[in-house]
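Participant: Coordinates for the following, if possible.
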Amino acid sequence: MNLLLLSNSTNHGRRRFEHVQDELTSFYGQCEVLFVPYALADHDAYTEAVGDAFARSGVTVRGLHTAPDPLAALAATEAVFVGGGNTFRLLRALQRGGLLAALRAAVERGARYGGASAGTNLACPTIRTTNDMPIVQPDGFEALGLIDFQINPHYLDAPPDSTHMGETRAQRIAEFLEENDVPVLGLREGAWLRADGVTTVLHGRDAVLFRRGREAEEIAAGTDLAPLMAEPPDQCISDG
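Facilitator: Okay, the predicted model is just below:
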């Protein structure tokens, strides 16, 4: 399994995917990428924009929505990229098109999977650590389960001088862990993961790992997360 999971597609002051331009070339090589645009409403415009950005890395893109038979397209593809946007809309579109299982099967047989933001959320066991507003109601929150932990893309550290009285991102993740015993990686802007089924290496910049019953842990770029995710929890927390 080959995964490229980006926190974001655009860094401040830079063009779309410019911060991972070389990474896209390395990851996709000469493959034509089947782009999944369902997280935004305008599929044609989104595919064109991503195609232009990927072209700078020497990678060609074709929109899944243009395929006469999307299931057949997924069955035949060597590479996919799932774009960011609204995760709830993305998941519902895949569910209603009968495409979620087909996308999972494509990756399991060897197709390369890339995603940014919502596309990264989709690689997790569920989408329950997305930041997005539920603008539509999917048929459940189960996602692809390509990794065995959750990711919170666009993770933001609370400014020390903030007067905002709402929950910080860390507090929201802590609430998630009160109800779910699965690690959550806070993936800051400009960070990404490369996973090959054996290692899961953090790139770009540092991230924050949240685990039930433990203090949040800063993870340095270059770290293989696989051993950390395999560690047993420090303590058990009863549901009853």
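Participant: Please, where are all the strands along this protein?
Facilitator: According to DSSP state E, the chain carries its strands in the segments 3-6, 32-36, 60-63, 79-82, 112-116, 150-155, 184-188, 192-195, 200-203, 207-210, 217-219.
Participant: Pipe those strands into a markdown table and attach mean neighbour count and mean pLDDT per row.
Facilitator: No exception for glycine: its C-beta is placed from N, CA and C like everyone else's. Formatted as a markdown table, those follow (neighbours: other CB atoms under 10 Å; pLDDT from 0 to 100):
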| stretch | mean neighbour count | mean pLDDT |
| --- | --- | --- |
| strand 3-6 | 26 | 98 |
| strand 32-36 | 23 | 97 |
| strand 60-63 | 17 | 97 |
| strand 79-82 | 26 | 98 |
| strand 112-116 | 26 | 97 |
| strand 150-155 | 24 | 96 |
| strand 184-188 | 26 | 97 |
| strand 192-195 | 22 | 97 |
| strand 200-203 | 19 | 97 |
| strand 207-210 | 22 | 97 |
| strand 217-219 | 14 | 97 |
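Participant: residue boundaries of the helices in this structure?
Facilitator: Assigned by DSSP state H, the helices in the chain fall at 21-28, 43-55, 70-76, 87-96, 100-108, 118-122, 169-179, 226-230.
Participant: check contacts around the nearest residue to residue 31 once chain neighbours are set aside.
Facilitator: Nearest residue to residue 31 in three dimensions, chain neighbours excluded: residue 79, at 4.0 Å (CB to CB, 6 or more residues apart in numbering). For residue 79, the contact set (CB atoms under 8 Å, 6 or more residues apart in numbering) comprises 28, 31, 32, 33, 34, 111, 112, 113, 114.
Participant: from those residues, which two are the most distant?
Facilitator: Greatest spatial distance among these (CB to CB): 32 and 113, at 14.6 Å.
Participant: Check which residues of stretch 174-191 are buried.
Facilitator: 176, 177, 182, 183, 184, 185, 186, 187, 188, 189, 190, 191 (16 or more other CB atoms under 10 Å).
Participant: cool, stretch 44-55 as well?
Facilitator: Buried residues in stretch 44-55, counted by 16+ other CB under 10 Å: 46, 47, 49, 50, 51, 53, 54.
Participant: Return the residues in contact with the third one.
Facilitator: By that I understand residue 49. Contacts for residue 49 (CB under 8 Å, 6+ apart) come out as residue 16.
Participant: rerun at 10 Å
Facilitator: The neighbours of residue 49, taking CB atoms under 10 Å, 6 or more residues apart in numbering as the test, are 9, 16, 37, 40, 42, 61, 83.
Participant: can you check the second one too?
Facilitator: Listed by CB under 10 Å, 6+ apart, the contact set of residue 47 reads 35, 36, 37, 40, 61, 62, 63, 64, 65, 66, 83.
Participant: follow-up on the earlier one: residue 167: which of the contacts of residue 49 is nearest?
Facilitator: If you rank the contacts of residue 49 by distance to residue 167 using CB to CB, residue 9 comes first, at 25.6 Å.
Participant: and the closest one, what pLDDT?
Facilitator: Looking at residue 9, its pLDDT is 91.
Participant: Equivalent analysis for the one 4 residues further on, please.
Facilitator: According to the prediction, residue 13 has pLDDT 81.
Participant: Angles on the backbone of it, please.
Facilitator: phi 80, psi 10 (degrees, to the nearest 10).
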